[in-house]
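*Asks:* Need the 3D shape of this:
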Amino acid sequence: MLQDSVRPFMADEGKIETQLRHWRDIGCKDGFGHDLWKQFAELGLTGILIPEEQGGSGLGQIEANVVLEEIGRNLTPSPFLTTAVAAVRAMEGTAHADKWFPGIVAGETVAALAIDEGKHHDPAAVALEAKRSGNGFSLSGKKQFVVHAASADVILVAARTGGSKGETEGLTLFAISKGAKGLEIDNLAMADSSKAARLQFDNVEVDADAVVGEVDGGWDVLKRTLAAGSSGAASELTGVAAGAFGMTNDYLKERKQFGTEIGRFQALQHRAAHLYGEIEIARAATLKAAQLLDEGSPQADLFVSVAKAKSGAVSRLAVQEAIQMHGGIGMTDEHDIGFYMKRQAVVDELFGSPNYHALKVAGR
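*Replies:* Numbering: from 1, shown residues only. Down below sits the predicted model:
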């Protein structure tokens with residue numbers, strides 16, 4: 001039922017022409033539409049993981065992933081993954097939930113995650129320092145690949161209050177409100193026209209209430225946040241693959257060569273059939289990971305990495321096959337198929353690349 005309501009909504013309101021292309025072509029600093037984010041709220045999507053007693057829908061990761069697959073299918077730009085999924089999981093059960101959840105439910109609040117500092121995803125490699133200062137902390141350091149940072153009302157920042165770079169002990173998560181003194185945001189356009197930023201913290205002062213969870217106990221918060229984000233990104237990648245495949249399958253039925261539709265050529269049929277099977281496997285992996293997260297299973301982290309690795313590999317195959325089977329037109333900006341390759345490249349790295357997650361699986 002959720003899919004039945006979300007799929008036509010995304011296909012109509014979230015389509016490439018009126019969302020992705022529009023915000024790219026006007027050079028929007030946000031990269032997404034706040035009006036659409038409000039429409040998400042009207043459908044109850046922004047509060048999908050927020051308990052009913054706090055104004056949300058009280059649903060789970062499976063339902064969030066159903067939404068994300070449709071977002072990926074239509075390349076709909078929105079802060080759903082970072083805000084309604086990852087940030088909500090980070091703040092649940094804390095005082096920050098009471099502060100920020102009402103705005104998220106209403107579609108008025110956007111949240112960002114500031115975790116990575118190097119070229120690749122490595123949450124244990126946090127070096128940004130949070131020193132004790134008065135009754136709070138002073139943050140100094142840098143972050144990069146912070147999606148929606150320039151649009152965010154609150155940025156969740158992983159900092160080191162103890163231990164050394166590479167250790168999971170001594171990490172603390174802070175919620176920093178928009179406009180904090182000493183915080184510089186360099187907003188950048190990604191390959192797919194979405195926005196992410198480099199952040200520079202120059203003695204950014206926060207009080208003790210900014211801590212999410214416990215001081216030096218941020219790893220537990222980060223684990224559940226990253227698991228939810230990775231699982232959601234896997235479903236978005238599956239949606240990207242399905243969207244590219246659907247567009248390509250339609251093209252195979254329409255484009256003619258030598259007087260017949262190219263979809264009748266056996267070589268292309270074999271490639272399309274193989275891709276269909278791979279997408280179904282990726283979808284099964286992502287839904288299994290979401291199910292285990294909802295159950296609180298100790299195997300959830302393992303299956304989340306399986307899902308992210310598999311969906312990344314499959315979506316890369318899907319967009320490459322889509323471009324090739326579209327021929328020369330697939331390389332033009334006028335055709336929408338190229339946008340799928342660009343989005344795949346960005347989400348592929350978000351919350352860890354397929355290689356990162358494959359190594360996690362291999363190391364268990």
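
*Asks:* Following the chain past the helix or strand containing Tyr276, name the next helix or strand.
*Replies:* In this assignment (DSSP states H and E), Tyr276 forms part of helix 266-295. On the C-terminal side of helix 266-295, the closest following helix or strand by DSSP H and E is helix 300-326.

*Asks:* How far does the helix holding Tyr276 sit from its chain's centre?
*Replies:* 19 Å (Cα atoms, centre = their mean, to the nearest Å).

*Asks:* what is the mean pLDDT for it?
*Replies:* Taken as a whole, helix 266-295 has a mean pLDDT of 96.

*Asks:* What of stretch 17-35?
*Replies:* pLDDT averaged over stretch 17-35 gives 97.

*Asks:* and if you look at stretch 85-102?
*Replies:* Averaging pLDDT along stretch 85-102 gives 97.

*Asks:* Please identify the buried residues of the helix holding Tyr276?
*Replies:* Buried positions in helix 266-295, judged by neighbour count with 16 or more other Cβ atoms under 10 Å: 268, 271-272, 275, 278-279, 282-283, 285-294. For every residue, glycine as well, the C-beta is placed using N, CA and C.

*Asks:* What is the end-to-end distance of stretch 133-153?
*Replies:* Stretch 133-153 stretches 24 Å from its first residue to its last (Cα to Cα, to the nearest Å).

*Asks:* do stretch 54-66 as well
*Replies:* Stretch 54-66: ends 22 Å apart by Cα to Cα.

*Asks:* if we look at it, which residues are touching it?
*Replies:* Here stretch 54-66 makes contact (Cβ atoms under 8 Å, 6 or more residues apart in numbering) with 2-3, 6, 44-45, 47-52, 84-85, 97-98, 101-102, 105, 228, 231-232, 234-235, 286-287, 290-291, 293-294.

*Asks:* Let me know the next secondary structure element after the lengthiest helix in the chain.
*Replies:* The single longest helix within the chain, with elements called by DSSP state H, is helix 218-254. Note on helix 218-254: by DSSP H and E, the next helix or strand toward the C-terminus is strand 256-257.

*Asks:* Skip the chain neighbours and tell me the closest residue to Leu222.
*Replies:* Pro123 (5.7 Å; Cβ to Cβ, 6 or more residues apart in numbering).

*Asks:* Just the strands from the stretch 51-200 of the chain, written as ranges.
*Replies:* In the stretch 51-200 of the chain, the segments counted as strands under DSSP state E, counting those that start in this stretch are 111-114, 129-133, 136-147, 154-160, 171-177, 183-189, 195-207.

*Asks:* Throw these into a markdown table and include distance to Gln257, mean neighbour count and mean pLDDT, thanks.
*Replies:* Formatted as a markdown table, these follow (distance: least, Cβ to Cβ, whole Å; neighbours: other Cβ atoms under 10 Å; pLDDT from 0 to 100):
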| stretch | distance to Gln257 | mean neighbour count | mean pLDDT |
| --- | --- | --- | --- |
| strand 111-114 | 47 | 28 | 98 |
| strand 129-133 | 61 | 16 | 96 |
| strand 136-147 | 41 | 20 | 97 |
| strand 154-160 | 52 | 26 | 98 |
| strand 171-177 | 56 | 23 | 97 |
| strand 183-189 | 37 | 16 | 97 |
| strand 195-207 | 40 | 18 | 97 |
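
*Asks:* closest to Phe245 out of those strands?
*Replies:* strand 136-147 (25.4 Å; Cβ to Cβ).

*Asks:* That closest one vs strand 129-133, what angle?
*Replies:* Interaxial angle, strand 136-147 versus strand 129-133 (axes from the mean of the first three to the mean of the last three Cα atoms, to 10 degrees): 150 degrees.

*Asks:* Show me what strand 136-147 is packed against.
*Replies:* Applying 3 or more Cβ pairs under 8 Å, 6 or more residues apart in numbering; DSSP states H and E, one finds that strand 136-147 contacts strand 111-114, strand 129-133, strand 154-160, strand 171-177, strand 195-207.

*Asks:* any idea how far the spatially closest residue to Gln324 that is not a sequence neighbour is from Thr248?
*Replies:* In this structure, Gln324 finds its nearest non-sequential neighbour in Gly330, 7.3 Å apart by Cβ to Cβ, 6+ apart. Per Cβ to Cβ, to the nearest Å, Gly330 is found 9 Å from Thr248.

*Asks:* shared neighbours of these two, which are they?
*Replies:* 322, 337.

*Asks:* My read is that the residue nearest to Leu222 contacts Ala227, right?
*Replies:* No. Under the criterion of Cβ atoms under 8 Å, Pro123 makes no contact with Ala227, lying 11.2 Å away.

*Asks:* Looking at these two, which is more packed in?
*Replies:* Relative neighbour count places Ala227 above the other of Pro123 and Ala227, with 23 against 19, counting by other Cβ atoms under 10 Å.

*Asks:* list the contacts for the residue nearest to that one when sequence neighbours are not counted?
*Replies:* Closest residue to Ala227 apart from its sequence neighbours, by Cβ to Cβ, 6+ apart: Val304 at 5.1 Å. Shown in contact with Val304 (Cβ under 8 Å, 6+ apart): 227, 230-231, 234, 289, 292-293, 357.
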